[in-house]
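Asker: Okay, predicted coordinates and the sequence, questions at the end:
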Amino acid sequence: MLRDWFELRTPFPGDSYTINVGRLSLRAAAPFNTRHAASMRAIHDLANPRAGVWMLGTGQSGHPLSDQYSSFVDDWRRVSYAPIPWDLPNIKGPGARTLVLRPSTPPATAPIR
């Protein structure tokens with residue numbers, strides 16, 4: 001009874017071994033039915049935050065009782081993306097922090113005794 005509220009169905013190209021991952025059921029009656037797939041896809045560009053994109057498998061609200069629950073399904077199936085709307089002045093405001101990623105030096109190995 002609850003499945004009809006939560007389940008969204010759409011054909012898409014992908015399987016367990018592709019970037020557009022989807023787990024196939026491999027049941028004899030419907031071997032190519034996908035049982036689950038990525039619910040959110042995102043590409044973050046740390047050098048250029050405005051270049052980031054994302055897409056949800058459901059819709060903007062993510063709530064099954066909302067009229068927007070399945071509004072992104074077609075875009076998700078087409079592997080389309082929406083821009084991440086960064087507001088850079090707010091990101092770099094007084095509460096902003098910067099994460100700096102640097103390669104580490106390998107730890108010194110202890111001699112084998």
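Answerer: Thanks, I have it. Residues are numbered from 1 along each chain as shown.
Asker: isn't there a helix covering Asp4?
Answerer: Yes - applying DSSP: H, G, I helix; E, B strand; the rest coil, one finds Asp4 inside a helix.
Asker: Tell me the pLDDT of it.
Answerer: Here the pLDDT value assigned to Asp4 is 72.
Asker: now the residue nearest to Trp5 when sequence neighbours are not counted: how far from Ser70?
Answerer: Distances taken as C-beta to C-beta, 6 or more residues apart in numbering place Pro64 nearest to Trp5, at 4.6 Å, with adjacent residues excluded. Backbone N, C-alpha and C define where each C-beta goes, glycine included. Relative to Ser70, Pro64 is positioned 9 Å away (C-beta to C-beta, to the nearest Å).
Asker: Centroid-nearest residue for this structure?
Answerer: Centroid-nearest residue in the chain: Arg41, 2.1 Å away (criterion: C-alpha atoms, centre = their mean).
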